[in-house]
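Participant: Generate a structure from the sequence data that follows.
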Amino acid sequence: MRHEVGALRDRFIALQREIVAALEAFDGDPFLTDAWSRPPGDPLQGDGITRLIEQGRFFERGGCNFSHVRGDALPPSATAHRQELAGRPFEALGVSLVLHPRNPYCPTVHLNVRFFVAYGDGDTEPVWWFGGGMDLTPYYPFAEDIIHFHRTCKEAVLAGGGDESIYREWKTWCDRYFYLKHRNEPRGVGGSSSTTWAHEAKWTKKQRKNSPLASATTFYLPICRSFRAAATTPMANGNATFSAIGVAGTSNST
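Facilitator: From the prediction side, this is the model:
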C-alpha cells in the first residue's frame with residue numbers, strides 16, 4: 001500500500017501540473033508557487049504545493065493545491081464512528097481546485113480528489129478511502145453551459161470504468177451534498193461526487209488515472225472560452241456585485 005501511495009502522489013502532482021499549465025495558457029498570467037512542509041517535530045508531518053492566481057487576465061482569483069500529510073496516530077475525532085481505527089498511523093493526500101472568473105457570467109468551479117489510508121499492523125489490513133467531486137456554481141445560468149458540464153461529468157465517470165447507474169448515484173450524492181437546507185435551495189447546478197471504501201470496491205489503476213480532476217480542463221475551459229470575448233467588457237455594477245455576494249454566500253454556507 002505504501003508503494004501505491006507513492007505512485008498516487010506522483011500522479012496527483014503531475015495532475016496539478018497539467019491543470020495549472022492549461023489554466024496559465026488560457027489566462028495568459030502565471031500562477032504563483034508556494035511549496036511548503038510541516039516543521040520537524042510537528043505531530044502532523046508532510047508537505048504540499050500551493051498554486052495561486054490573483055487578478056489574472058481572465059481569472060480574478062483561483063488556486064490548484066496539492067497536499068500530502070501523515071501522522072503516527074489518528075486523532076479521536078477522526079475515529080469517533082470507526083473505533084477500530086483508533087490509534088492507527090495514517091496518510092492523506094489530494095488535489096483541490098477553485099476558480100473565480102472576472103466575468104460574473106462565467107461560473108465558479110470547485111473540484112477535488114483525495115486519498116486516505118489508515119495502516120494496520122501485522123494482523124490487520126490497511127483501510128483506505130478514495131473519493132472526489134466537481135461542482136459548478138453559475139450566478140447567471142446558461143443552459144448550454146450546464147448541459148455541457150453534466151455531459152462531461154458523465155463522460156469522466158464512464159472513462160473511469162463506471163456506468164450509467166454509477167453516474168446517477170454520484171450525481172445524486174453531489175446534489176444532496178450541495179443542497180443548502182437553511183436556504184431551501186441548491187448551491188449551483190450540482191455535479192458529480194464519489195467515495196469508495198476499501199471493503200466496497202477494488203481501487204484500480206484505471207480509477208486512479210481517471211479521477212474527476214482529470215477532466216477539469218475538458219469541461220470547464222470550453223465554458224470559459226465562450227466568455228473570453230466579454231472578459232474585458234465593463235459589466236454592470238449590479239452584475240459584478242451580485243456575483244461577489246454569491247461567492248461570499250456559498251463560501252460561508254459550506
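Participant: switch to C-alpha atoms for all contacts and neighbour counts from now on
Facilitator: OK.
Participant: just to confirm, which helix or strand has the residue nearest in space to the middle of the chain in it?
Facilitator: Geometric centre of the chain, nearest residue: Asn112, 1.4 Å, by C-alpha atoms, centre = their mean. Using DSSP states H and E, Asn112 sits in strand 108-118.
Participant: Could I get the average pLDDT for that strand?
Facilitator: In this model, strand 108-118 carries a mean pLDDT of 91.
Participant: what's it packed up against?
Facilitator: Packed against strand 108-118 by the contact rule (3 or more C-alpha pairs under 8 Å, 6 or more residues apart in numbering; DSSP states H and E) you find strand 90-101, strand 127-137.
Participant: So which residues of the stretch 151-254 of the chain form strands?
Facilitator: Taking DSSP state E, counting those that start in this stretch, the strands of the stretch 151-254 of the chain run over residues 179-180, 185-186, 191-197.
Participant: Report how many residues lie close to Val69.
Facilitator: Using other C-alpha atoms under 10 Å, Val69 has 17 neighbouring residues.
Participant: re earlier: could you export the helices and strands packed on strand 108-118 as CSV, including mean neighbour count, distance to Leu32 and mean pLDDT?
Facilitator: Output for the helices and strands packed on strand 108-118, formatted as CSV (neighbours: other C-alpha atoms under 10 Å; distance: least, C-alpha to C-alpha, whole Å; pLDDT from 0 to 100):
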stretch, mean neighbour count, distance to Leu32, mean pLDDT
strand 90-101, 21, 14, 95
strand 127-137, 21, 23, 86
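Participant: now the end-to-end length of stretch 98-105.
Facilitator: 16 Å (C-alpha to C-alpha, to the nearest Å).
Participant: just stretch 119-132 next, same as before
Facilitator: With C-alpha to C-alpha as the measure, stretch 119-132 spans 21 Å from end to end.
Participant: Likewise for stretch 133-144?
Facilitator: Separation of the first and last residues of stretch 133-144 by C-alpha to C-alpha is 21 Å.
Participant: what does it contact?
Facilitator: Stretch 133-144 is contacted by residues 104-113, 149, 174, 187-194, 212-213, 242-243, 246 when judged by C-alpha atoms under 8 Å, 6 or more residues apart in numbering.
Participant: From the chain's centroid, how far away is it?
Facilitator: 15 Å (C-alpha atoms, centre = their mean, to the nearest Å).
Participant: returning to that earlier point: for the residue nearest to the residue nearest to the centre of the chain when sequence neighbours are not counted, list the residues it contacts.
Facilitator: Excluding its sequence neighbours, the residue lying closest to Asn112 (C-alpha to C-alpha, 6 or more residues apart in numbering) is Ser96, at 4.1 Å. By C-alpha under 8 Å, 6+ apart, the contact set of Ser96 is 63-66, 110-113.
Participant: Mind doing that once more with 10 Å?
Facilitator: Contacts for Ser96 (C-alpha atoms under 10 Å, 6 or more residues apart in numbering) come out as 16, 50, 63-67, 110-114, 132-134, 213.
Participant: Equivalent analysis for Lys154, please.
Facilitator: 160, 162-164, 166-168, 170-171, 191-192.
Participant: So among these, which ones count as buried?
Facilitator: 160, 167, 170-171, 191-192 (16 or more other C-alpha atoms under 10 Å).
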